[in-house]
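1. What follows is a predicted protein model with its sequence.
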Amino acid sequence: MADNPPPQQSLTGAPFYRPYQQDAPNFIYNLLFCDDPELFRTEKAKDGDGPVSVVLSDGVARETLERIGNSPDIESRVRALAFNRLRALALPVPRKQFLGTIIEYPQEGGLDVLAVFVGGSIRYINQSEKMIVFEPPPPANIAEKTEELLRASQLIVDRIGPWDKPRLPPPANNRVRITFLVSDGLYFGEGEFDDLMRDQLAQRVMNAASEIVHRLVNTALETERGEPTLGQSAPQ
């Protein structure tokens, strides 16, 4: 795995890490954590008058941010942006409203990252820097495992608290990090792989993540071969 250069700082002070050689996976990687609204501005034109544009607009009302943040029909990452903006304005947000899980697992060839969001959206970046994206609904065999992962994640979030410092660099060596996207900030747990697997709840998350990756890759290969499948798989 290549050494990580020092992170760039965005206009908001959020770190921008570069665990990959190519720009596209680095952009997608940092986008997962929703701690830099500037990254989402590149998507604003595609969004039109949608919720991303509303959340990022100047002078957006508190009530609008609260409505977006609390709406289960809106993409989880946009809800996280709304909650983050409320927090930046020193306004209250609900505690422990879980929105997604990001698992970072260093491999010999690079960093594997799987992100599963409430609502069914999935992002996977392979150590080889290939990416798979599923928007809801994913195939049923993947959806059942994502639900399992999200349920176990909520149980962990219920037991820990938010990280109150800037996001850390990607883990290295044999350390695995599980980050939780939550209304009141980023929560995370990190440790050696074997140690995490001895924790009952972390083990459930890790096992579900491993099975999701296996099924994602198989589904993507089926799509490349032109075999019929449900859901959507594409680089992004």
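-> Yep, that arrived.
2. ok now the host helix or strand of Gly189, how far from the chain's centre?
-> Element membership of Gly189 [criterion: DSSP states H and E] is strand 185-192. The chain centroid and the centroid of strand 185-192 are separated by 13 Å under C-alpha atoms, centre = their mean, to the nearest Å.
3. Renumber starting at 267 from here on
-> Yep, numbering from 267; the last one is strand 451-458 now.
4. Which residues in stretch 423-442 does the neighbour count mark as buried?
-> Buried residues in stretch 423-442, defined by neighbour count with 16 or more other C-beta atoms under 10 Å: Val423, Pro428, Arg433, Leu434, Pro436, Pro437, Arg441, Val442. No exception for glycine: its C-beta is placed from N, CA and C like everyone else's.
5. Count the residues that sit near Asn473.
-> Using other C-beta atoms under 10 Å, Asn473 has 15 other residues around it.
6. who's in contact with it?
-> By C-beta atoms under 8 Å, 6 or more residues apart in numbering, the contact set of Asn473 is empty.
7. Does it lie in a helix or a strand, and which?
-> Per DSSP H and E: Asn473 is located in helix 466-490.
8. what's the average pLDDT for that helix?
-> Helix 466-490 shows a mean pLDDT of 92.
9. what ranges do the helices span in the protein?
-> Remark: helices assigned in the chain by DSSP state H are 289-297, 303-306, 310-313, 317-322, 328-335, 342-354, 406-423, 459-463, 466-490.
10. I'd like the distance from the biggest strand by length in the chain to the chain centre, please.
-> Scanning the chain for the longest strand, with DSSP state E as the assignment, gives strand 364-373. Relative to its parent chain, strand 364-373 has a centroid offset of 6 Å by C-alpha atoms, centre = their mean.
11. Please name the strands paired to that strand in the sheet, noting orientation.
-> Next to strand 364-373 in the sheet, as set by DSSP bridges, lie strand 376-383 (antiparallel), strand 441-448 (antiparallel).
12. Tell me which of those sits nearest to Glu490.
-> Comparison of these against Glu490 by C-beta to C-beta identifies strand 376-383 as nearest, at 19.7 Å.
13. any idea of the mean pLDDT for the closest one?
-> Taken as a whole, strand 376-383 carries a mean pLDDT of 97.
14. does Leu357 really touch Val326, like I thought?
-> No - if you go by C-beta atoms under 8 Å, Leu357 and Val326 don't touch, sitting 11.8 Å apart.
15. Which of these two has more residues huddled nearby?
-> More crowded of Leu357 and Val326, by other C-beta under 10 Å: Val326, with 16 against 12.
16. Leaving out sequence neighbours, find the closest residue to that one.
-> Leaving out its chain neighbours, the residue that sits closest to Val326 by C-beta to C-beta, 6 or more residues apart in numbering is Val320, at 6.1 Å.
17. Now do that neighbour: how many residues are near it, please.
-> Counted with other C-beta under 10 Å, the neighbours of Val320 add up to 19.
18. And the pLDDT at it?
-> So, for Val320, pLDDT stands at 92.
19. Val344 versus that one, what's the distance?
-> In this view, Val320 and Val344 are 9 Å apart by C-beta to C-beta, to the nearest Å.
20. tell me, what's touching these two both at once?
-> Shared contacts of Val320 and Val344 (C-beta under 8 Å, 6+ apart): Ile334.
21. Wait, Tyr453 touches Arg425, no?
-> No - the criterion here is C-beta under 8 Å, and Tyr453 misses it with Arg425 at 9.7 Å.
22. So Pro285 sits against Leu377, correct?
-> Yes - counting by C-beta under 8 Å, Leu377 is a contact partner of Pro285 at 4.6 Å.
23. Distance from the chain centre to stretch 322-329, please.
-> That offset, for stretch 322-329, works out to 24 Å (C-alpha atoms, centre = their mean).
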